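Peer 1: model this:
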Amino acid sequence: MDEGAKGCEVVVTGKLRGGRAKAMKFREGYMIKTGHSNRIYVKEAVRHVLMRQGVLGVKVRIMLPQDPEGRQGPKEPLADIVTVHTPKD
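Peer 2: Numbering: from 1, shown residues only. This next block holds a predicted model:
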C-alpha cells in the first residue's frame, strides 16, 4: 500500500493452529472482485508451503493504480469512475 497500490488481499488457508483447516483473510484498501476491471487491475499470485502438519496455501491479490502512461498500472480508467461535464448553453 505504501508503494501506490489501491488495495491488497492476503488469504492463508490450511492447518494454521490445531487439527482443523481454516482460512484467514487480511484486506486493506479498495479491491475489485469481478468483471473486466478485475482482469486488468488485479494481479494475483498463489504459493503452497509444505509444513510438517500439512500444506498451507497463500494467495496474494494486489490492485494496481490507474496510470495514464501505463508504467505502474493499466492505462484504462476504472469503469465505475463517472465524470460530470458542465452543460452546454
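
Peer 1: Averaged over its residues, which helix or strand of this protein has the lowest pLDDT?
Peer 2: None of the helices or strands of the chain scores lower by mean pLDDT, DSSP states H and E than helix 36-41, at a mean of 86.

Peer 1: Give me the residues contacting that helix.
Peer 2: When contacts are defined by Cβ atoms under 8 Å, 6 or more residues apart in numbering, helix 36-41 is touched by residues K6, I32, M63, L64, Q66, G73, P74, E76, L78, A79, D80. C-beta here means a position set from N, CA and C on the backbone, and glycine is covered the same way.

Peer 1: And stretch 62-75, by the same measure?
Peer 2: The contact list for stretch 62-75 (Cβ under 8 Å, 6+ apart) reads 4-8, 29-32, 40-44, 76-78.

Peer 1: the strands in the protein, which residues?
Peer 2: 7-14, 22-29, 42-50, 55-63 (DSSP state E).

Peer 1: want to try a markdown table for these, with mean pLDDT and distance to D89 as columns?
Peer 2: Below are the strands of the chain laid out as a markdown table (pLDDT from 0 to 100; distance: least, Cβ to Cβ, whole Å):
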| stretch | mean pLDDT | distance to D89 |
| --- | --- | --- |
| strand 7-14 | 94 | 41 |
| strand 22-29 | 92 | 41 |
| strand 42-50 | 94 | 42 |
| strand 55-63 | 94 | 40 |
